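# Predicted structure and sequence below. I'll ask about it afterward.
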Amino acid sequence: MSDSPPGPPRTPGSSLGDSLVADWEDRGDELPPSDWGRPRGPRRAATVWLFAILISGMAAANLWLAGGLEHQAFLAWATVFTAISFQALPFLVFGVALSAALTAFVPASFYRRVIPRNPMAAVPVAGLSGAVLPGCECASVPIAGGLIKRGIAPAAALTFLLAAPAINPVVLVATAVAFPGRPEMWAARLLASLGAAVVVGWIWARFGKSDWLRPPRAAHAPGASKAEVFRDSMVHDLIHAGGFLVVGAIAAATLNVAVPRAWVNGVAELPVVGVLVLALLAILLSICSEADAFVAASLNAFSPTAQLAFMVVGPMVDLKLIALQGGTFGWGFVRRFVPLTLAATLLFTFLIGGLLL
Amino acid sequence: MNRMAQGLILVLLGAAALGTTLFSELYLNYVQSAFRPFLIAAGGVLVVLGGAVIATDLRAAARSEEGTGDAAACGHGDGHGAESGPRVAWLLLLPVISVFVVAPPALGAYTAAAQGASSAPDDRVDLSEYRDDPFAEAGDGPVELEMREFVSRAWTDEERTMADRTIELTGFTVPNPEGEGWYLARLEMACCAADAVVNRVLITDEPVPEEDTWWRVRGTWEEPEGDLQQVRDHRFTVEEMEAVQDPPDPYE
């Protein structure tokens, strides 16, 4: 594997297709070329070597540090970071597995049968069907794209996109676990998220224009077996969502350790400002909806309504989601959809928070 | 990020989850003990999934090296899977490095000192949670209480059941930067270390032990005068104290 065939150096991160095309253009007249059929050998070997070096490096660093790390603030940060990553991990893995199973084993025609043709009627149905389809934000964007392509009204598919990551059973169970003895938290989350999703869907059904949406591309190659679709969709979701989850854990751990409690508590005690601050934090942290309840619970200096805002805004509007939506549906869509969604989520947070919490 | 890297990252992440639960008790520093089976299951799934990705990638490589597959077949072999992952996915190595290299300890005096005083609960604490009355059970002997139970009783129990009883508490040492004495503290965790809340008692009649050392103290609650809710520090009079090894689960 280590004998690298001659060829131009490839840019890291380019796909197989890119490197094939690049090789093709650089080929001389020699046919068949010497490296025919094994274009990825060197990159694969390099990756294995990279990981071998990484693992040896970790072992060496472990021996070298061995209890010598005394920096209290750093250790506290590392503990909180690891804690957030670890408690989110099971939820992420099982959410992704369930979503992959539904992508692979439930045909899209099934959704077309259940969801009515009239957009106004389809929107609430789509919102409620979000409650039975687990998956985090990253999973729901491609699914919504697939639904639109198969003829579901865009407004209904978008309602589903908003509702599914916010009110599915995995997320609600996680919320109940994060707020033990306070069932009103997950109930409020369910009501506020569903309300916001349905209202956004209705507004889109009434005023939306079809050319605001760029039609999505196919997610899977035709002809792949169900097991392959399952495996690839799971790996895809894990790899795409996992990195952003770590970003969220870094940010949350930094806020947790670095921001003085007195400052946070000072902001937290202001009723409306506290809600807006946590809504902003949810947008910036981009925590996976299957884990955000735990972070919300840890922000216990804030009012329950502010914690609700964190859990209602986060799954529907955050940096990671905006990036995904822009990539899937185009930026003209994001420009209109994101402010609308943010306004609806804040409205419902104040409404439901005022009524229930 | 190619398929091989994605597979290896998933395997390493799974190994981190399995290593901290199956082969050590490190996970107790980060999450509640109830998370153990879920972490084991998630770790297992990650290792198997990553292994499958690596195996598929190697098979595709072997196929194309044998020359049986032409460019088109090779393209199909990883076609739908060959999508490269985003760069941000490399960050998944951070938790792996964190547990295998740094192995961060449980939160302790640093966090307790940074959090400072908690405030009295607004009827949030329900004493019926401790339905077995530990004082009736213990008769006249000393009563062992969790720090959080002691603190919530000290703030909310208007009948003052704890007065004049010998009580045992376990916790770690936190210096008091503002005045006399030191705190015996314990962190209470609902779910993971990110939501840890400090409970503490102020001890003034013993010299300050070394920071972050664990002690079991036996003594009595100094009953405050006036409104329980107005108390900032719960004072504790020590009769005896002995050093303990770090308890297996550092949080309550």
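Here it is on my side, so go on.

# where do the strands sit along the stretch 1-150 of chain B?
For the stretch 1-150 of chain B, the strands defined by DSSP state E, counting those that start in this stretch cover B:143-144.

# With chain A instead?
Under the criterion DSSP state E, chain A contains no strands.

# ok so residue B:225 is a strand residue?
No - counting by DSSP: H, G, I helix; E, B strand; the rest coil, residue B:225 is not found in a strand; it is coil.

# low pLDDT regions in the chain?
Just going to use chain A. Where chain A drops to pLDDT under 70, the residues are A:1-41, A:67, A:99, A:108, A:134-139, A:150, A:215-223, A:260-262, A:264-265, A:298.

# ah, no, chain B please
B:67-84, B:117-132, B:246, B:248.

# quick one: the helices in it?
Using DSSP state H, the helices of chain B run over B:3-21, B:36-66, B:71-79, B:93-97, B:109-115, B:134-138, B:147-156.

# Would you mind finding the most buried of those?
helix B:3-21 (a mean of 24; mean count of other Cβ atoms under 10 Å in any protein chain shown). (Each C-beta comes from the backbone N, C-alpha and C, glycine too.)

# can you list the helices of chain B in a markdown table and add distance to chain A?
Output for the helices of chain B, formatted as a markdown table (distance: least, Cβ to the nearest Cβ, whole Å):
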| stretch | distance to chain A |
| --- | --- |
| helix B:3-21 | 4 |
| helix B:36-66 | 4 |
| helix B:71-79 | 5 |
| helix B:93-97 | 4 |
| helix B:109-115 | 4 |
| helix B:134-138 | 21 |
| helix B:147-156 | 13 |
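
# Make JSON lines out of these and add distance to residue A:47.
As requested, those are exported to JSON lines (distance: least, Cβ to Cβ, whole Å):
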{"stretch": "helix B:3-21", "distance to residue A:47": "4"}
{"stretch": "helix B:36-66", "distance to residue A:47": "9"}
{"stretch": "helix B:71-79", "distance to residue A:47": "14"}
{"stretch": "helix B:93-97", "distance to residue A:47": "13"}
{"stretch": "helix B:109-115", "distance to residue A:47": "39"}
{"stretch": "helix B:134-138", "distance to residue A:47": "58"}
{"stretch": "helix B:147-156", "distance to residue A:47": "48"}
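
# Residue A:314 is nearest to which of the ones you listed?
helix B:93-97 (20.6 Å; Cβ to Cβ).

# which strands and helices sit next to that closest one?
helix A:41-65, helix A:72-105, helix A:226-258, helix B:3-21 (3 or more Cβ pairs under 8 Å, 6 or more residues apart in numbering or on different chains; DSSP states H and E).

# what ranges do the strands span in the stretch 151-252 of chain B?
Using DSSP E, counting those that start in this stretch, strands in the stretch 151-252 of chain B cover B:167-175, B:182-188, B:197-203, B:214-221, B:234-243.

# possible to save the helices and strands packed on helix B:93-97 as CSV with distance to residue B:151?
Formatted as CSV, the helices and strands packed on helix B:93-97 follow (distance: least, Cβ to Cβ, whole Å):
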stretch, distance to residue B:151
helix A:41-65, 36
helix A:72-105, 22
helix A:226-258, 22
helix B:3-21, 30
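
# Just tell me which of these ends up closest to residue B:98.
Here helix A:72-105 is closest among those (Cβ to Cβ), at 4.7 Å.

# now the closest one and helix B:36-66, what's the angle there?
Angle of helix A:72-105 versus helix B:36-66, following axes from the mean of the first three to the mean of the last three Cα atoms, to 10 degrees, is 70 degrees.

# how far is helix A:72-105 from where the chain is centred?
12 Å (Cα atoms, centre = their mean, to the nearest Å).

# quick one, it and helix A:226-258 angle?
Orientation check (the same axes, to 10 degrees): helix A:72-105 against helix A:226-258 gives 160 degrees.

# in helix A:72-105, what counts as buried?
A:72, A:75-104 (16 or more other Cβ atoms under 10 Å in any protein chain shown).

# for stretch A:115-135, same thing?
Residues A:115, A:119, A:122-131, A:133-135 are the ones in stretch A:115-135 that count as buried (16+ other Cβ under 10 Å).

# Dump that stretch to CSV, restricted to CA.
The C-alpha trace of stretch A:115-135 is given here as CSV (Å, rounded to 0.1, in the frame of the first residue of the first chain):
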residue,chain,number,x,y,z
ILE,A,115,-49.7,13.7,4.2
PRO,A,116,-52.7,15.5,2.6
ARG,A,117,-52.4,17.3,-0.7
ASN,A,118,-53.8,20.7,0.5
PRO,A,119,-50.8,22.6,2.0
MET,A,120,-52.9,24.2,4.7
ALA,A,121,-54.1,20.8,6.0
ALA,A,122,-50.7,19.2,5.3
VAL,A,123,-48.8,21.6,7.6
PRO,A,124,-50.2,20.4,11.0
VAL,A,125,-50.0,16.8,9.8
ALA,A,126,-46.3,17.3,8.9
GLY,A,127,-45.7,19.0,12.2
LEU,A,128,-47.2,16.1,14.2
SER,A,129,-45.4,13.5,12.1
GLY,A,130,-42.2,15.2,13.2
ALA,A,131,-43.1,13.9,16.6
VAL,A,132,-42.6,10.3,15.5
LEU,A,133,-39.6,10.6,13.4
PRO,A,134,-36.4,11.0,15.5
GLY,A,135,-33.4,12.7,14.2
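
# what residues does that stretch touch?
By Cβ atoms under 8 Å, 6 or more residues apart in numbering or on different chains, the residues outside stretch A:115-135 that reach it are A:95-96, A:98-99, A:102, A:111, A:114, A:140, A:143, A:152-153, A:155-157, A:159-160, A:162-171, A:190, A:194, A:197-198, A:201-202, A:205, A:237.

# ok, now with 7 Å
Residues outside stretch A:115-135 that contact it (Cβ atoms under 7 Å, 6 or more residues apart in numbering or on different chains) are A:95, A:98-99, A:102, A:114, A:143, A:152-153, A:155-157, A:159-160, A:163-165, A:167-170, A:194, A:197-198, A:201-202, A:205.

# Which residue would you name as the spatial centre of chain B?
residue B:30 (3.7 Å; Cα atoms, centre = their mean).

# Just confirm it contacts residue B:193, I think it does.
Yes - using Cβ atoms under 7 Å, residue B:30 is in contact with residue B:193, at 5.4 Å.

# who touches both of those two?
Common neighbours of residue B:30 and residue B:193 (Cβ under 7 Å, 6+ apart) are A:79, A:83.

# so what's the nearest residue to residue A:227 once chain neighbours are set aside up against?
The shortest distance from residue A:227 to any non-neighbouring residue, by Cβ to Cβ, 6 or more residues apart in numbering or on different chains, is to residue A:104 (7.6 Å). The contact partners of residue A:104, by Cβ under 7 Å, 6+ apart, come to A:226, A:229-230, A:233.

# export those to a markdown table and tack on distance to residue A:307?
Formatted as a markdown table, these follow (distance: Cβ to Cβ, whole Å):
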| residue | distance to residue A:307 |
| --- | --- |
| A:226 | 40 |
| A:229 | 37 |
| A:230 | 35 |
| A:233 | 32 |
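
# ok, and of the residues you listed, which contact chain B?
Here nothing survives when those are matched to chain B using Cβ under 7 Å from any Cβ of the partner chain.

# Filter these down to the buried ones, PyMOL style.
Listed next is the PyMOL selection for buried residues among those, using 16+ other Cβ under 10 Å:
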select buried, chain A and resi 229+230+233
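
# So which of the contacts of residue A:104 is the closest to chain B?
residue A:229 (8.0 Å; Cβ to the nearest Cβ).
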